[in-house]
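Peer 1: I need the structure of the sequence given here:
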Amino acid sequence: MKKTDNNYKAYINKYGERVMRVSEIIKLIGKEQITIWANMLGFKGIKYKDELERTANIGSLCHSVIEKYFNKRYLADIDYDEYNISDYGDKLEVRYALDSFFNWLPEFLKYHTYNVKFTEKVVVADNFGGTIDCGIDGWDDPEKVIFVDYKTSSSFYLTQFLQLAGYVIAYEENYGKDTVEGVMVVRLNKKGGKAEARFINRKNLEPFILCFQCLFDTASGVKMLQTNLTELTEKL
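Peer 2: Predicted coordinates for the structure are as follows:
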């Protein structure tokens with residue numbers, strides 16, 4: 001079975017140290033929504049982890065097909081077995097999600113380019129790392145890059161843009177400050193219709209970057225306290 005394994009990747013910085021994952025840091029927020037979702041699934045007799053794996057596999061397959069579509073060395077085939085997708089309903093969600101992207105793309109290309117610079121690019125800063133889905137040429141300056149993240153969620157969420165903000169920090173730490181033009185989330189629709197996209201230019205990313213840095217400081221503190229809880233407390 002093949003599926004996205006970014007949540008299990010080990011990111012090593014230039015000093016040979018293992019650092020936190022961007023996805024691990026942003027999990028500090030949104031826990032209440034996850035709890036509500038998990039409870040709703042429980043009422044339906046669905047296990048949270050099973051549903052998480054199912055949706056992750058659907059998203060991974062869609063991402064793989066889109067990635068291959070833009071890479072002329074590959075045939076953009078749909079291999080359900082490779083991603084452990086066998087249920088008819090799940091296959092239908094994949095088809096709808098992919099159709100939504102390819103229904104959206106021609107209209108998007110009337111106004112913007114979509115020249116892919118890279119896919120699945122690992123970026124590691126001194127303190128955290130992650131994997132960028134896709135980078136395309138900047139629209140104002142093709143030498144710069146716009147990060148693209150494909151999602152199959154039911155809506156756009158703050159955490160999606162905070163994740164991209166973390167990638168921007170790591171990317172600029174490696175390639176320089178004036179290298180990113182913006183970030184975009186493309187939301188595929190698993191129920192049909194057209195995909196949707198939302199974009200933030202580099203200037204308007206500053207509050208997202210500040211928020212991510214605060215989350216990193218908090219995550220680091222929590223991790224340190226959890227690791228050293230025995231030493232930092234005394235038995236009575």
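
Peer 1: Val185 in helix, strand or coil?
Peer 2: Put simply, Val185 is strand when judged by DSSP: H, G, I helix; E, B strand; the rest coil.

Peer 1: bridged to it, which residues?
Peer 2: Asp149, Arg198 (DSSP bridges).

Peer 1: can you get me a residue count around it?
Peer 2: 22 (other CB atoms under 10 Å). For glycine as for every other residue, the C-beta is placed from the backbone atoms N, C-alpha and C.

Peer 1: contacting residues for it?
Peer 2: Contact analysis of Val185 by CB atoms under 8 Å, 6 or more residues apart in numbering lists Val148, Asp149, Lys151, Phe156, Gln160, Phe161, Leu164, Ala197, Arg198.

Peer 1: determine which two of the residues you listed are furthest apart.
Peer 2: Val148 and Phe156 (13.8 Å; CB to CB).

Peer 1: so these two - more neighbours on which side?
Peer 2: The residue with more neighbours, out of Val148 and Phe156, is Val148; 22 against 14, by other CB under 10 Å.

Peer 1: distance check, that one against Asp87.
Peer 2: Distance of Val148 to Asp87, given as CB to CB, to the nearest Å: 28 Å.

Peer 1: check what pLDDT Asn6 gets.
Peer 2: Note on Asn6: pLDDT of 49.

Peer 1: likewise Leu105?
Peer 2: Leu105 is given a pLDDT of 95.

Peer 1: and the one 3 residues further on, by the same measure?
Peer 2: On pLDDT, Phe108 comes in at 96.

Peer 1: relative to Leu225, how far out is it?
Peer 2: Taking CB to CB, one finds Phe108 at 46 Å from Leu225.

Peer 1: over to Ala165?
Peer 2: 25 Å.

Peer 1: looking at these two, which is more packed in?
Peer 2: Using other CB under 10 Å as the criterion, Ala165 and Leu225 rank with Ala165 on top: 25 against 11.

Peer 1: can you give me the helices for the chain?
Peer 2: 22-26, 31-43, 48-69, 88-108, 158-175, 206-227, 229-232 (DSSP state H).

Peer 1: CSV please, covering those and showing distance to Asp79.
Peer 2: Listed next are these as CSV, based on distance: least, CB to CB, whole Å:
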stretch, distance to Asp79
helix 22-26, 25
helix 31-43, 27
helix 48-69, 8
helix 88-108, 11
helix 158-175, 26
helix 206-227, 35
helix 229-232, 45
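
Peer 1: what's the closest of those to Lys9?
Peer 2: Once the helices of the chain are compared by CB to CB, helix 22-26 is nearest, at 9.4 Å.

Peer 1: what about the chain, any weak spots by pLDDT?
Peer 2: 1-8, 30-44, 46-52, 72-76 (pLDDT under 70).

Peer 1: show me the contacts for the most centrally placed residue in it.
Peer 2: Among the residues of the chain, the one closest to the centroid is Asp149, at 5.5 Å (CA atoms, centre = their mean). Asp149 is in contact with Ile132, Asp133, Cys134, Gln160, Gln163, Leu164, Val183, Met184, Val185, Val186, counting by CB under 8 Å, 6+ apart.

Peer 1: which one is the second one nearest to, not counting chain neighbours?
Peer 2: When the adjacent residues along the chain are set aside, Asp133 lies closest to Asp149, with 4.9 Å between them (CB to CB, 6 or more residues apart in numbering).
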